[in-house]
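Student: Give me a 3D structure for the following:
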Amino acid sequence: MRKLSLFSGIGGIDLAAHWAGMETVAFCEREPFPQQVLRKHWPNVPIYDDVCTLTADRLREDGILGDNRTIDIISAGYPCQPFSHAGKRRGEEDDRHLWPEVARLLSEIRPRWFLGENVAGHITLGLDVVLSDLEGIGYTTQTFVIPSAAVNAPHRRDRVFIVAHTERSGRSGESRGRTEQVASDGHSQLEEESLANATSKRLERNAGTKLLGECSGPSLCGQNVAYSSSSGQQERHATAVTDRAGYGSGGANEGRSHRAAQSRVGGMLDGLSSRLDQHRWPAALGQDQYYWEPPRVATGIKNRVGRLKALGNAVNPRQVYPILAAIKAINDSL
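Tutor: As a prediction, the model looks like this:
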């Protein structure tokens, strides 16, 4: 799958997409420090610096779009300041409200998939407009709220992820094997089941397959999408209750290399590989730092302000990886 990344930041979503087997073909990010990070890790991928001037025609002129070069998915962590509880919550009146530019590019490019990301404050301000806009241009949508704590991080960091899918992609002006019914209000409605139901059925059919298919290395391979019975989940849950991320009998500072490679997201099958599931997080608020952590109070650090700002705006790749891996698995099965 070929992906266009909008509001890329330092590439948190794009790193997760790489783990899932997707290729990011272009970035759009205006801040200088995040651009440096993107150029370091993706030196051959072009970076556009203004979403307002980025168009499908410009992507075609640059060879990113073409007859045999489609964009299958667009990701966008569009600015959260208009919706965040930490700000004034001015919504559409905020000059940083750039969702309309995302909707415009979706209309022009028509990717089969869209993944949006924002803060939890978006739920009560602006999310209804985003979902309405997506449905208006022919996308079926579903939202998820996933905290970083769900992947064992020592902080909550709730994030809203918007998954949208359409059968009327730019790849072919027609639906692939599906028919559409136009409702009286002019909006297109798919006759088949919703994306959520389709997702679960496809995952059931692919229960014995790998989540990631071919991997770039053993450490990046995912676990099975699903088990044919619940016995494996029950066994995992029983182990995780007493051995979860430093809260078991061994204490928070016990080395994780000695722990069993059990799922740690609620003790249930989550689709994360061992490499992602056993990530070593820094100490939580109020805890003493681990011996391997760098000092938190430091001076003379190069680009310290830029780094802090970039991390504050970044998407935790482990937080979004399960969604991207599921999208890849579903797309491959179509």
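Student: pretty sure D128 belongs to a helix, no?
Tutor: Yes: according to DSSP: H, G, I helix; E, B strand; the rest coil, D128 belongs to a helix.
Student: what residues does stretch 123-131 touch?
Tutor: Residues from elsewhere that reach stretch 123-131, judged by CB atoms under 8 Å, 6 or more residues apart in numbering: 82-83, 89, 91-92, 97, 99, 103, 116, 118, 122, 141, 143, 145, 160, 162. The C-beta positions use only the backbone N, C-alpha and C, and glycine is treated the same way.
Student: Just the buried ones among these, please.
Tutor: Buried residues within the contacts of stretch 123-131, counting neighbours by 16 or more other CB atoms under 10 Å: 82-83, 89, 97, 99, 103, 116, 118, 122, 141, 143, 160, 162.
Student: With distance to S8, pLDDT and secondary structure added, can I get those residues in CSV?
Tutor: Shown next, in CSV, are the buried ones among the contacts of stretch 123-131 (distance: CB to CB, whole Å; pLDDT from 0 to 100; DSSP: H, G, I helix; E, B strand; the rest coil):
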residue, distance to S8, pLDDT, secondary structure
P82, 19, 88, coil
F83, 19, 86, coil
R89, 25, 88, coil
H97, 19, 89, coil
W99, 16, 96, helix
A103, 18, 97, helix
G116, 13, 97, strand
N118, 15, 93, strand
H122, 19, 92, helix
T141, 22, 97, strand
T143, 21, 96, strand
V160, 18, 96, strand
I162, 17, 97, strand
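Student: Pull out the buried positions in stretch 20-37.
Tutor: Neighbour-count burial for stretch 20-37 flags 20-22, 24-29, 31, 33-35, 37 (criterion: 16+ other CB under 10 Å).
Student: now could you export just the CA positions of that stretch as CSV?
Tutor: Coordinates of the C-alpha atoms in stretch 20-37 are reproduced here as CSV (Å, rounded to 0.1, in the frame of the first residue of the first chain):
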residue,chain,number,x,y,z
ALA,A,20,2.6,-2.8,8.9
GLY,A,21,4.2,-3.1,5.4
MET,A,22,3.0,0.2,3.9
GLU,A,23,5.2,2.6,1.9
THR,A,24,5.0,6.4,2.6
VAL,A,25,5.5,8.1,-0.7
ALA,A,26,5.3,11.8,0.4
PHE,A,27,5.1,13.8,3.6
CYS,A,28,3.5,17.2,4.3
GLU,A,29,5.0,18.9,7.3
ARG,A,30,6.0,22.6,7.7
GLU,A,31,8.0,22.7,11.0
PRO,A,32,11.8,22.7,10.5
PHE,A,33,12.8,20.3,13.2
PRO,A,34,10.3,17.5,12.3
GLN,A,35,11.4,18.0,8.7
GLN,A,36,15.0,17.2,9.8
VAL,A,37,13.8,14.0,11.5
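Student: Closest one of the contacts of stretch 123-131 to V51?
Tutor: W99 (10.4 Å; CB to CB).
Student: Now for the closest residue to the closest one other than its chain neighbours: which residues touch it?
Tutor: Using CB to CB, 6 or more residues apart in numbering and skipping the chain neighbours, the partner closest in space to W99 is Y78 (5.4 Å). Contacts for Y78 (CB under 8 Å, 6+ apart) come out as 6-7, 98-99, 102, 116-118.
Student: Would you format these as JSON lines with distance to L334 included?
Tutor: What follows is the contacts of Y78, written out as JSON lines (distance: CB to CB, whole Å):
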{"residue": "L6", "distance to L334": "24"}
{"residue": "F7", "distance to L334": "27"}
{"residue": "L98", "distance to L334": "30"}
{"residue": "W99", "distance to L334": "28"}
{"residue": "V102", "distance to L334": "24"}
{"residue": "G116", "distance to L334": "21"}
{"residue": "E117", "distance to L334": "24"}
{"residue": "N118", "distance to L334": "27"}
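Student: circling back to that earlier point, and the residue nearest to W99, how close does it get to Y290?
Tutor: Per CB to CB, to the nearest Å, Y78 is found 35 Å from Y290.
Student: how would you label the nearest residue to G77 once chain neighbours are set aside: helix, strand or coil?
Tutor: Spatial nearest neighbour of G77, excluding adjacent residues (CB to CB, 6+ apart): E117 at 4.2 Å. When classified by three-state DSSP, E117 comes out as strand.
Student: Report how many residues lie close to E117.
Tutor: Neighbours of E117 under the rule other CB atoms under 10 Å: 23.
Student: Enumerate every residue touching it.
Tutor: 13, 75-78, 159-162, 315, 320.
Student: Check G9 too.
Tutor: 29, 31, 34, 77, 310, 313-315.
Student: could you dump the residues you listed to TSV with pLDDT, secondary structure and distance to D57?
Tutor: TSV is the format used below for the contacts of G9 (pLDDT from 0 to 100; DSSP: H, G, I helix; E, B strand; the rest coil; distance: CB to CB, whole Å):
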residue	pLDDT	secondary structure	distance to D57
E29	97	coil	20
E31	94	coil	25
P34	96	helix	26
G77	95	coil	24
A310	91	helix	31
N313	88	helix	29
A314	91	coil	30
V315	93	coil	29
